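*Asks:* Structure for the following, please:
(chains A and B, ligands or ions: 2)
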Amino acid sequence: MNSGLIFSQLMFFLLLTAGIGLFAYRIRQLIAMIKLGRPIGHVSDKKQRWANVFRIALGQSKMVKRPVSGLLHVVVYLGFVIINIEVIEIIIDGLFGTHRVFSSIGPVYGVLIGIFEVFALLVLVAVIVFWLRRNVVKIKRFWHPEMQGWPKQDADLILYFEMVLMSLFLVMNATDVVFQQAANGNWVSAHLYPFFASQSPGVLHGIERTAWWLHIGGILVFLNYLYFSKHLHILLAFPNVYFGSVRPKGQLPNLASVTKEVRLMMDPSADPYAAPAEGAEPEKFGASDVTDLTQVQLLNAFTCTECGRCTSECPAHQTGKLLSPRKIMMDTRDRLVALGAQKQSKGPSIPDQKQLLDGYISREELWACTTCNACVEACPVSIDPMSIILSMRQYLVMEQSAAPNELNNTMSNIENNGAPWPFNQQDRGNWINES
Amino acid sequence: MAELTHIPTWAECQAQGRLPEVLFWVGCAGSFDDRAKKITKAFAKLLQSSQVSFAVLGAEESCTGDPAKRAGNEFLFQMQALMNIEVLNGYGVGKIVTTCPHCFNTLKNEYPDLGGRYEVMHHTQFLKDLMTSGRLKVEGGHFRGKKITYHDPCYLGRANGEYEAPRVLLSALEMELTEMKRCKSKGLCCGAGGAQMFKEPEKGHKDINIERTEEALSTGSAMIATGCPFCNTMMTDGVKNDPQERSTPVMDIAELIAQAADL
Ligand code: SF4
Ligand code: SF4
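*Replies:* Ligands and ions are numbered 1, 2, ... in the order given. Model (predicted):
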């Protein structure tokens, strides 16, 4: 066995281990950050949840509600899943020093590779169209204030990554002389081969090897890039859809901690002096920071693809209010990442001046929501931006008594007269006798 | 026009040893708001003309707590809910119908967890059932062939998935329904939900109800139909704001059916 081959196998092994190891470490960090949220307790309706995963995540049922971007996305998604089967072969080849280890299975191999090549081409086209939509057509939802800076760069980078990876895959196949001569599955690369054919076999081999290494290296880099990117949705969409709400959209969960107190207040037989157990911290109502949100709300934040479908459907946004449900999700994520980094740094902990409320999300945004559920309906990956808005309103009202004045009046009317307006409850049936 | 005959409260019925078929939950708007009271009465007339035995709670009804909950005041919401549940359970109420999608949503989805389990229907669902079972005749009358558009209330549509019942009734009225581009699950909010009804909107370039009313008027319809007293107020205000279309009526589906039948 030649030593060059052993060396390259070793290099491959190290590269793979480092790539996957780092990725595993990132995932653990991610889980640790999500666990900063409140636990969600028992998860019921398992059957319905799995059905949602199949329909919404695997089946992309909500993506295609917008046909153009939806279909392009289906192409990229299918391409991604299918072409990654090829990675299995690359890994085996890399580790064992083989070349196209599966090619021995004959015509079936050809069909598979042929399909991969066609998808690679389709993905390349789709990704270019995506890039054009963002950068030339300048579709409005990609140019909102919250998309400036990193989110915009991130979106473009992902597209460049995919363009390069797909091109490398095709070039790798086109310069593989043995593969081209066997003509088993080179459906697309056969048309690229003539561009390279004039090169010497040595050069061709060099290009092929380079493309091969860059392809697998690129995949590993991309894998580790996910952590810093909205592209994380390719993994998190599945658990996120699973944990998404299975209730009617209008149903807001009732806070159990409040029920306990209200029942105590309303029960005439309860001991009015019954104090909470010694040392027990009174529970905080609502959310002023990410640690007050549930783990599902935090998972939502990491899953957000920044597509802006929610914001483009939001009535507050459409009429020029500051509120953008996408920004709510991005702010939640950014705050969580900042807090996670703080907790990770072992140094003397700097007291945290900023929190989600006011530090990232303003009250003006929160009070502009009509709770219309348009954002929830629009989200292709079952994210619920409205629930975060409501959790934060709960904090403002129940912990800070900081509702807008008119709402304070409304609430005291409800409390005193049983209606949001200052009418007497005794007059509630008066309409019956009015003509 | 037929007059309403006496509408009993549940307490009256109980005193007479009668158990009504259904409770009509009137809601705050339906009880106090002048425009909404017309919807309340129209629906009551339809119930009476269909021989439905129903009652109201009268002074024993109180706000469901929906605006409080959506404003973030879970305390006030649960207090209202528990008080209402005490009354409802005390009377052994089994079935509730309401003309307000907000009451509908809260009673149906948020009360069960607190001990209030009822069969809750929105009045368009109830009317559709009455029509299907032949108890209520829905005919176009002088509305026949008129162009109308329908605004989906968020708390009936997206929140609870009911897009069909109101449309079935409109087609029974033989009206020509022209949908807005943003309809059904993509319907645009009127701007009232989430306690927005009770406060000034935040700064923006337009009010939501104006945006929505403009869309409704752009269908060229002679009337705007909806199924929520708050949407009704918002759209009525929106129409008044439009210098050309000031007279386009905004009607509840119950009113259309009652008027078509000359009730
Ligand atoms: S629920 Fe609130 S944030 Fe979501 S679309 Fe409606 S108004 Fe916008
Ligand atoms: S919340 Fe959903 S719809 Fe909104 S930007 Fe994120 S992924 Fe898109």
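
*Asks:* Pull out the buried positions in stretch A:194-213.
*Replies:* Buried residues in stretch A:194-213, defined by neighbour count with 16 or more other C-beta atoms under 10 Å in any protein chain shown: A:196, A:204, A:207, A:208, A:211, A:212, A:213. Glycine gets a C-beta too; all of them are placed from N, C-alpha and C.

*Asks:* What residue in chain B comes nearest to ligand 2?
*Replies:* residue B:186 (13.5 Å; C-beta to the nearest ligand atom).

*Asks:* Now do the helices in the stretch 101-250 of chain B.
*Replies:* Secondary structure of the stretch 101-250 of chain B (DSSP state H, counting those that start in this stretch): helices at B:101-105, B:123-132, B:164-172, B:208-217, B:229-241.

*Asks:* Output the buried residues of stretch A:194-213 in JSON lines; the columns should cover secondary structure and distance to residue A:366.
*Replies:* As requested, these are exported to JSON lines (DSSP: H, G, I helix; E, B strand; the rest coil; distance: C-beta to C-beta, whole Å):
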{"residue": "A:196", "secondary structure": "helix", "distance to residue A:366": "59"}
{"residue": "A:204", "secondary structure": "helix", "distance to residue A:366": "61"}
{"residue": "A:207", "secondary structure": "helix", "distance to residue A:366": "56"}
{"residue": "A:208", "secondary structure": "helix", "distance to residue A:366": "57"}
{"residue": "A:211", "secondary structure": "helix", "distance to residue A:366": "51"}
{"residue": "A:212", "secondary structure": "helix", "distance to residue A:366": "52"}
{"residue": "A:213", "secondary structure": "helix", "distance to residue A:366": "50"}
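
*Asks:* which of these lies closest to residue A:13?
*Replies:* residue A:213 (13.5 Å; C-beta to C-beta).

*Asks:* if I pick the closest one, what's in contact with it?
*Replies:* By C-beta atoms under 8 Å, 6 or more residues apart in numbering or on different chains, residue A:213 lies in contact with nothing.

*Asks:* show me the contacts for the closest residue to residue A:9 other than its chain neighbours.
*Replies:* Nearest residue to residue A:9 in three dimensions, chain neighbours excluded: residue A:97, at 5.1 Å (C-beta to C-beta, 6 or more residues apart in numbering or on different chains). Shown in contact with residue A:97 (C-beta under 8 Å, 6+ apart): A:1, A:5, A:6, A:8, A:9.

*Asks:* now residue A:332
*Replies:* A:290, A:293, A:297, A:298, A:300, A:301, A:356, A:360, A:361, A:388 are the contacts of residue A:332 under C-beta under 8 Å, 6+ apart.

*Asks:* go on, residue A:320?
*Replies:* Residue A:320 sits next to B:203, B:204, B:205, B:206 when contact means C-beta under 8 Å, 6+ apart.

*Asks:* For the last one, grab phi and psi.
*Replies:* Phi and psi for residue B:206, reported as degrees, to the nearest 10, are phi -160, psi 160.

*Asks:* That one is in contact with residue A:316, isn't it?
*Replies:* No - Residue B:206 lies out of contact with residue A:316 (C-beta atoms under 8 Å); the separation is 10.7 Å.

*Asks:* Neighbour count: those two, which is higher?
*Replies:* Shown here are residue B:206 and residue A:316; by other C-beta atoms under 10 Å in any protein chain shown, residue A:316 has more neighbours (28 against 14).

*Asks:* follow-up on the earlier one: please work out how many residues are found near the residue of chain B closest to ligand 2.
*Replies:* Around residue B:186 there are 16 residues (other C-beta under 10 Å).

*Asks:* now swap in residue B:50 and tell me
*Replies:* Neighbour count for residue B:50, taken as other C-beta under 10 Å: 17.

*Asks:* residues contacting it?
*Replies:* Residue B:50 neighbours (C-beta under 8 Å, 6+ apart): B:130, B:135, B:136.

*Asks:* touching chain B at all, stretch A:61-72?
*Replies:* No - Stretch A:61-72 does not reach chain B (C-beta under 8 Å from any C-beta of the partner chain); its nearest approach is 8.5 Å.

*Asks:* Out of the contacts of residue A:320, which is nearest to residue A:433?
*Replies:* So of the contacts of residue A:320, ranked by how close each gets to residue A:433 (C-beta to C-beta), first place is residue B:206, at 41.1 Å.

*Asks:* dump the residue contacts of the closest one.
*Replies:* By C-beta under 8 Å, 6+ apart, the neighbours of residue B:206 are A:319, A:320.

*Asks:* in stretch A:185-196, what counts as buried?
*Replies:* Across stretch A:185-196, burial judged by 16+ other C-beta under 10 Å covers A:185, A:186, A:187, A:188, A:189, A:190, A:192, A:193, A:196.
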